[in-house]
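1. could you look at this predicted model? Sequence included:
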Amino acid sequence: MFKTVLFPVDQSREAREAAEKVVNIVKTYGSRLVILSVVEPPAEEGDAPAREVMTSPEAVAKLLSEAQSMFSQQGIEAEIIEREGKPAFTICDVADEIGADLIVMGCRGMGLTDDGASDSVTNRVINLSPCAVLIVP
């Protein structure tokens with residue numbers, strides 16, 4: 001059912017919690033797991049600044065290595081991909097490129113206000129995704 005699972009990660013608590021669901025899904029379906037982290041471009045003038053940690057390629061590489069290691073300890077072989085770009089668009093592009101059947105991601109709840117709804121990475125992924133999306137609260 002889920003041959004390829006894409007798991008976008010960042011440094012959030014929600015991403016760590018979503019990892020538990022990913023382990024369960026990958027083991028249940030014998031899925032290929034691809035872990036993605038997106039290096040965000042520097043904020044343009046007038047934009048809210050991106051979290052600094054996700055603008056550092058070194059920090060992103062370390063995060064991916066730690067995530068891969070964590071899944072390895074669970075007996076899951078995971079591929080890693082690092083890309084630069086706007087997170088929601090990059091997640092959907094990679095899902096399309098790898099033929100993902102499912103994207104699993106955590107949700108911070110930042111889109112719960114009227115102002116935040118359109119800016120939420122989660123909301124954008126849901127609307128743009130080429131495959132099913134599982135959001136872990």
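-> Alright, I've got the coordinates.
2. rest of the way, CA atoms for contacts and neighbours
-> Noted.
3. pass me the low-pLDDT residue ranges in this structure, would you?
-> 43-55, 109-118 (pLDDT under 70).
4. how about the helices in it?
-> Assigned by DSSP state H, the chain shows helices spanning 13-29, 57-73, 87-98, 114-117, 121-128.
5. can I get the ones you listed in JSON lines with mean neighbour count and distance to Ser37?
-> Formatted as JSON lines, these follow (neighbours: other C-alpha atoms under 10 Å; distance: least, C-alpha to C-alpha, whole Å):
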{"stretch": "helix 13-29", "mean neighbour count": "16", "distance to Ser37": "11"}
{"stretch": "helix 57-73", "mean neighbour count": "16", "distance to Ser37": "6"}
{"stretch": "helix 87-98", "mean neighbour count": "18", "distance to Ser37": "8"}
{"stretch": "helix 114-117", "mean neighbour count": "12", "distance to Ser37": "22"}
{"stretch": "helix 121-128", "mean neighbour count": "18", "distance to Ser37": "13"}
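6. quick one: which of those is nearest Glu40?
-> Glu40 lies closest, by C-alpha to C-alpha, to one member of the helices of the chain: helix 87-98, at 6.9 Å.
7. that closest one versus helix 121-128: what angle between them?
-> 40 degrees (axes from the mean of the first three to the mean of the last three C-alpha atoms, to 10 degrees).
8. helices or strands next to helix 87-98 in the packing?
-> strand 4-8, strand 32-39, helix 121-128 (3 or more C-alpha pairs under 8 Å, 6 or more residues apart in numbering; DSSP states H and E).
9. about what we covered before: possible to save the helices of the chain as a markdown table with distance to Arg108?
-> Below are the helices of the chain laid out as a markdown table (distance: least, C-alpha to C-alpha, whole Å):
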| stretch | distance to Arg108 |
| --- | --- |
| helix 13-29 | 6 |
| helix 57-73 | 18 |
| helix 87-98 | 14 |
| helix 114-117 | 11 |
| helix 121-128 | 9 |
